[in-house]
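Novice: Quick one, structure for this:
(3 chains)
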Amino acid sequence: MARRTPAPLLNRPVWFWALVTPFLAGLLVFVYVPLLWSLWLSFYDARNTVTPTDFVGLANYVALLNDRLFVDSMVTFVAFAAFIVPLTFACSLGLALLLQRVTVFRGFFRSVFFIPTAVSYVIAAMVWRMSFFNGARFGLANTLLTDLGQQPVNWLGGENNWYWLVLVSLRLWLQVGFYMILFIAGLNQIDPQLFEAAALDGANGWRRFRYVTFPLLRPTSVAVAMLLLFNAFQAFDEFYNTLITAGGYPPFARPPLVYLYLISFGGGAQDLGIGSAGTMILTLVILVFSLIQNRVLALGGGGQ
Amino acid sequence: MKPSRAGSVLAHLAASVLAVLFLLPFYVIWRNAFSTQQGIVSPQWHWWPDQLDLTTLTAVLGNPRLGVVQALVNSLVVSVVQTLATVVISLMAGYALARWRTPASRLVLGLTVFTLMVPAMVTFVPTFVMVSTLGWISSYRGLIVPVVFSAFATFLFRQAFLDFPRELEESAALDGANTWTTFWRIVVPNTRGTIAAVGTITFIGAWNAFLWPLLIAQDPAMRTVQVVLSQFMTAQGVRYPEMFTGALIAVVPALIVFAFLQRWLVEGVARSGLK
Amino acid sequence: MALTRRTLFTVGGGLAATATLAACGTNTGRTSPAATASAGTTASGPQLAQWYHQYGEDGVEEAVRAWAAEFTDAQIDVNWVLSNYEDALAAALLTPTAPDVFEYANGPTLDMIKAGQVADLTEMLGDAGAEFTPSVLARMTYDNKVWAIPQTVDMQLLYYRPSVLAEAGVQPPTTLAELTEVAQAVATPERGGFYAGQDGGIGVLGLLLMWASGLDEFNEARTEAAFNTSALYATVAQYKALFDSPGMVKAASADWSDASPFINGECALQWGGLWDLPNVTEAFGDDVGVLPFPASGGDPVVPFGAFSACVSAASDHVDVAQDYVRWLWVDSDDKQVEFSDGFGTHIPAKPSLFSRASQVASGPGADAAAFVTDHGRSNALFWTAASGQAYSTALSNCVLNGADPAAEFGAAAQTVDAELARVND
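Specialist: As a prediction, the model looks like this:
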C-alpha cells in the first residue's frame, strides 16, 4: 500500500508504542506469562503443583495421543467444526440478507435476532434441557410429540442422536445474532450502486448474490469464518451445561476441552501437566485448520 | 433494486416466524420463574404460569443468606469498570495496529490473534496463582484487572479501523493537532458504533463470567450475581422456580444494557465494517 | 518462585491499608456474615480459613458458622463455596491464600497427599481413631497415616414402597435379574418402574455393577485392573436388559440425587441418597422400604462416602488447625450428632453415636446404617479421574449402544493399568 504524504506526527513510532503498550503489557503479563508457564508445565509430571520438579519430556503428549478417548473426541470435533462452521456462517449471513429485504420493523427484528447474545450459556442450557428438550413427559418437545400421537423422545440420554439437534439449536440461538451483526456491517459497506448496476444487467437474486454481494463481503467472511473455527474447536460451555448430569458427563458429544477438564481439572483431579499438554495439542490443531481454511478461502477469492 | 412484492411479503413472514422462535426461550424463562414446582413438572406442558405474583421473586431477592442484591451491585461494578477499561485499552491498541504497518505492528497483531486460538483453560490456573500471589483475592482488582486485556476486542477494533477515512485525521494533523488529540477528538467520536458493539459484547461477557469470580470472590461480600445464583443449580434438590427466577434476575440487567446500546450499535455498525 | 515472598511482602502493606478501609466501610453499613459470626466469640489467636462445599440441606451453613465461632484458640473464617468446590479448592491449595482447614469427599486425593498439600493427622487423632467406623477411617488412611477426619457418612440406596410391590404381587428384589422383573411388574402407564438418573444410571451405578459381580477395581497390589472378566460382562448384559425394558425410567423431573421423581410418582423404585429420607418419609409415612443394590453374581452392595476434614500442610498454623479439627470432629460428639441428624439423614462416623442420631436409630435409617456396615464400599484411592472416565465410557457404550463388553472393558482396563503405573511411580 502506497503511503500518501504522511502527516509526520501521525506516523511517529513513539505514538504507536504509546497507544499499544497498555494492551501489550497486559497481554504479556496476564496471557503470555500464564501461557508459557503452562507450556513449561506440559513437560512435567505436575499433579497438584504449579512448580513441578519431575521432568517427563513429551510423556504427557504421548499419553494423550495414545488415549483413545481423547483422540476420539478430537476426531468428533473436527467433524463437528466441518459441520457447524458452514452452518453458523450460512444462518448468520442468511439473517443479515433477510433483514435487507425487511422494510417494516427492521430495527425490531434486528434486535430480536441479536438479543440471545445477552444470555449466559448456563441459563440457555437450562431452558433447553429442562423445558424444551426434557426427556420427561413435561418437556415442550415431548408434549408436542405426544399431542401428535408420537412416542416421547429421550433427547439427551444418548440412546439416539437427537442430542445433536438440542446442542446445535442451542448453539445457533446463542451465536448467530452476533455474527449477523458483523455481516450487516459488511453489507452496509457495499456501494448500493453496484446492486443497481447488476439489476440493470438483468441479474436475478442468486446471481446478484453470487457475483456481487458475496465477493465484496469476502473480508468480513474471512474474519467470521476464522472466529467460528476457533469457537467450534473450543466448544465447552454449551455442551457441558446441557449434558452434565449428577452421574457425570456422558461419553458422547464430549468436546476435547470437556474431556481434558474431566481428567485433569474437574472430578477431583488436578493434573496440570496433562491438561496443559492437551490444550497445547488443541491449539496446534486449531492453528493448522485455520491455516487450511485461510488457504481455501484465499483460493476461492483468486480473482480478487 | 426493486424486490418483488411477493418476495417482500415472504421475507416479512419468515422474519416474523423466526422472531417468535428467537423470543420463545425468554418467554419460557419468564413462565418458569412465575410457576410453582408442581406446575412445571406436571404431566402436561402449560403455556401460562400458575403463580403470577411476586412470591418467588421476593423470596430470592429478600433472602439475606443469598445476598443477591449485594451480588448485583458487585456484578454491576465489575462489568462497568471492565467494559470501560477494555474499550479504552483495546481501542487505542486496535487503532495503532490498523494505522501502523510496521514489523512491530505485525508482530503484536500476530500475538493478539494467536491468543484467540488458545483455549482460556490453559492459562486459568497459572493466572489464578499469580493473582493470589499479588494478594488480589476477594478484591475488585482481582476480579477485573486480569481479564481486561481482551485480544478479541482489540482484533475487532483493528478490523473496524482498517477503513476509517484517513483524510479526517490528516486534516486534523494539518490544523496542528497531535496524534493523541486527533485520536480522542476525531477518531473516537467517529467510531461510536464499533465501541458500542465491542462494549456490549464485553459487558455481556463480564456479566456472565462465572468460574473466575467464583475463585476470586472468597469473601461472600465480593460474590457476583452468577456465582450467587449458581447455588440453585448445584444443590441436591432442583427447585425450578427459584432457578429460573435467578435466571430472570441475571438476564434482565443484560437486556437493559442491550436496549440502551442498541441504537448506537445499529447506527454504528452501519457505518464501520469488519474487514 | 523466588520472587513470591518479596512480592507478597511489598503488596502486603497495600493490602493491609485497603483492609482497614474496607473495615471502616462495613462499620457504616451492613455487617458481613463473617463479622456476625465472630461477634459473639472470645476468640483470640491466629486467623484460620475453613472451607466447606455447599450442602443442599437448609441450616448447615448457619450451624457450621456458629460452631466455628465457638472455638476459642483461633478466629475461624468459614468460606461456603457455592459450586465447583473441587476445582476451586484444588486451585486455592496452590496459592498463598489456601484454606487452613477444608473438607473433601473421602479424604484428600492421592495426588494431594503425594504433593505434600495435606498434613498427617495420625498423631493428633491418636487412640481416638478406634472410635470411628473402621472401613470409613481406612478410606482416609494411606501409607499407614491418617490424612483426614470423617465428619459424617453419606450413602446411597434403593427406595421403594412396600404397598406398591405388594399390589403388583412381587417381592423386594435381591438380585439384578429380580430388579429387572420387579421394575416391569410395577410400571404402569402413569408411573414408571426403576429410575437411577438422567444418564440411565451409568454414572452412579457404574462401580456398583462391578462390585455386585463380586469384582474389585484392581488386584491386591494395585498394579493392574481386575474388573475385566466375564462376570462383569454378564452383569452388564443384565443391566442392559433392564435398561432396554419398559420398566426403566430414563428421564424425570430431577436427577437421582433428588428423590422428587420417586415422591412425585414418576417412578416406583428410585436409586437415591439417604439424605432424602426425611422428604420420602414425609410423603409416604411408613410405606417406605430401602434396599442395597442387588447382587449379580456377588453380594448386594451400597456405596458410602464421607466428607472429611483435612488440614493444609502449607498453613502457617498447622498445630492450631489440627487442634480445631480435633475439637470439632473428634471431641465434640454433640456437634457430630447434630451434623449427621439435624439436616437430612446421615450416619455418624462413630458407631457409638448411632443410638443418639434419631433418624438412623430405627426404621429405614437403621436399615441403611446396617447396609453400610454389612455391604458398604467406597471408591478406591487409586481410582483416578482418567480411570473413572475410561470405565464409564465403556459401560455407556455397552449399555446404550450395545458395544462388545470384552472390547470396551479391555480398553478401559488398559487405561486403568496405565494410570496405576503413573500413580505408583
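
Novice: List the buried residues in stretch C:213-231.
Specialist: For stretch C:213-231, a neighbour-count test (16 or more other Cβ atoms under 10 Å in any protein chain shown) marks C:213-215, C:217-218, C:222, C:225-229, C:231 as buried. Using the backbone N, CA and C atoms, a C-beta is placed for each residue, glycine as well.

Novice: Break down the stretch 101-250 of chain B into its helices, ranges please.
Specialist: B:103-117, B:121-133, B:140-144, B:151-161, B:166-174, B:179-182, B:192-208, B:211-216, B:225-229, B:231-234, B:240-271 (DSSP state H, counting those that start in this stretch).

Novice: re the thing from before, format the buried residues of stretch C:213-231 as TSV; extra columns: secondary structure.
Specialist: Listed next are the buried residues of stretch C:213-231 as TSV, based on DSSP: H, G, I helix; E, B strand; the rest coil:
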residue	secondary structure
C:S213	coil
C:G214	coil
C:L215	coil
C:E217	coil
C:F218	strand
C:R222	coil
C:A225	strand
C:A226	coil
C:F227	coil
C:N228	coil
C:T229	coil
C:A231	helix
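
Novice: Need these in CSV (columns: pLDDT and distance to chain B).
Specialist: Shown next, in CSV, are the buried residues of stretch C:213-231 (pLDDT from 0 to 100; distance: Cβ to the nearest Cβ, whole Å):
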residue, pLDDT, distance to chain B
C:S213, 97, 29
C:G214, 96, 31
C:L215, 97, 30
C:E217, 97, 26
C:F218, 95, 30
C:R222, 94, 28
C:A225, 97, 29
C:A226, 97, 33
C:F227, 97, 29
C:N228, 97, 32
C:T229, 97, 35
C:A231, 97, 33
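
Novice: ok, the most centrally placed residue in chain C - contacts?
Specialist: Here the mean C-alpha position of chain C is nearest to the C-alpha of C:G305 (Cα atoms, centre = their mean), at a distance of 4.0 Å. The neighbours of C:G305, taking Cβ atoms under 8 Å, 6 or more residues apart in numbering or on different chains as the test, are C:105-106, C:153-155, C:378-379.

Novice: Disregarding residues adjacent in the polypeptide, which is nearest to residue 59?
Specialist: Going with chain A. By the measure of Cβ to Cβ, 6 or more residues apart in numbering or on different chains, the closest residue to A:A59 outside its immediate chain neighbours is A:D45, 7.7 Å from it.

Novice: actually it's chain B I care about, not the one you picked
Specialist: Among residues not flanking B:A59 along the chain, B:E242 sits closest, at 7.5 Å (Cβ to Cβ, 6+ apart).

Novice: So the residue of the stretch 301-425 of chain C found nearest chain B versus B:A104, what's the distance?
Specialist: Closest contact between the stretch 301-425 of chain C and chain B, by Cβ to the nearest Cβ, is at C:G344 (8.1 Å). According to Cβ to Cβ, to the nearest Å, C:G344 stands 62 Å off from B:A104.

Novice: Looking at these two, which is more packed in?
Specialist: Using other Cβ atoms under 10 Å in any protein chain shown as the criterion, C:G344 and B:A104 rank with C:G344 on top: 23 against 14.

Novice: ok, back up a step: what's around the residue nearest to B:A59, how many residues?
Specialist: Look at B:E242: counted by other Cβ under 10 Å, it has 24 neighbours.

Novice: And for C:T373?
Specialist: Using other Cβ under 10 Å, C:T373 has 15 other residues around it.

Novice: thinking again about what came up before, measure the residue nearest to A:A59 to C:G116 for me?
Specialist: Distance, A:D45 to C:G116, using Cβ to Cβ: 14 Å.

Novice: show me what contacts the most centrally placed residue in chain A?
Specialist: Nearest to the centroid of the C-alpha atoms of chain A, with distances taken as Cα atoms, centre = their mean, sits A:N231, at 1.9 Å. Applying Cβ under 8 Å, 6+ apart, we find A:N231 in contact with A:Q175.

Novice: per-residue pLDDT, it?
Specialist: Here the pLDDT value assigned to A:N231 is 93.

Novice: go on, C:P189?
Specialist: 87.

Novice: Mind checking what secondary structure the residue in the stretch 51-200 of chain A positioned nearest to chain C has?
Specialist: Nearest to chain C, among the residues of the stretch 51-200 of chain A, is A:G135, at 2.6 Å (Cβ to the nearest Cβ). At A:G135 the chain is in coil, as set by three-state DSSP.

Novice: Tell me the pLDDT of residue 200.
Specialist: Picking chain A for this. A:L200 is given a pLDDT of 76.

Novice: if you could check chain C rather than the one you did, that'd help
Specialist: 93.

Novice: Could you give the number of residues near it?
Specialist: Neighbour count of C:G200, defined by other Cβ under 10 Å: 28.

Novice: Over to C:V249?
Specialist: Other residues near C:V249 number 26, with proximity taken as other Cβ under 10 Å.

Novice: wait, isn't it in contact with C:P261?
Specialist: Yes - between C:V249 and C:P261 there is a contact under Cβ atoms under 8 Å: 7.3 Å.

Novice: Mind checking what secondary structure the residue in chain C that chain A sits nearest to has?
Specialist: Distances between chain C and chain A by Cβ to the nearest Cβ are smallest at C:G203, namely 2.0 Å. Of the three states, C:G203 takes helix under three-state DSSP.

Novice: who are the neighbours in contact with the closest residue to it other than its chain neighbours?
Specialist: Once flanking residues are discounted, C:G203 sits nearest to A:G247: 2.0 Å by Cβ to Cβ, 6+ apart. Residues near A:G247 by Cβ under 8 Å, 6+ apart: C:197-199, C:201-204, C:255-256.

Novice: and if you look at B:M92?
Specialist: A:19-20, A:22-23, B:183.

Novice: C:V416 too?
Specialist: For C:V416, the contacting residues are C:217-218, C:224-225, C:387, C:390-391, by Cβ under 8 Å, 6+ apart.

Novice: again, only using 7 Å
Specialist: Counting by Cβ atoms under 7 Å, 6 or more residues apart in numbering or on different chains, C:V416 makes contact with C:225, C:387, C:390.

Novice: circling back to that earlier point, how close does the residue nearest to B:A59 sit to chain C?
Specialist: Using Cβ to the nearest Cβ, to the nearest Å, one gets 13 Å for the distance from B:E242 to chain C.

Novice: Just confirm that residue contacts B:T56, I think it does.
Specialist: Yes - with contact defined as Cβ atoms under 7 Å, B:E242 reaches B:T56; the gap is 6.3 Å.

Novice: residues from the stretch 101-250 of chain A in reach of chain C?
Specialist: Neighbours of chain C within the stretch 101-250 of chain A, by Cβ under 7 Å from any Cβ of the partner chain: A:134-136, A:154, A:157-159, A:245-248, A:250.

Novice: so C:Q151 touches C:F307, yeah?
Specialist: Yes - counting by Cβ under 7 Å, C:Q151 touches C:F307, with 5.1 Å between them.

Novice: Find the residues that touch each one of the two.
Specialist: Common contact partners of C:Q151 and C:F307 (Cβ under 7 Å, 6+ apart): C:E103.
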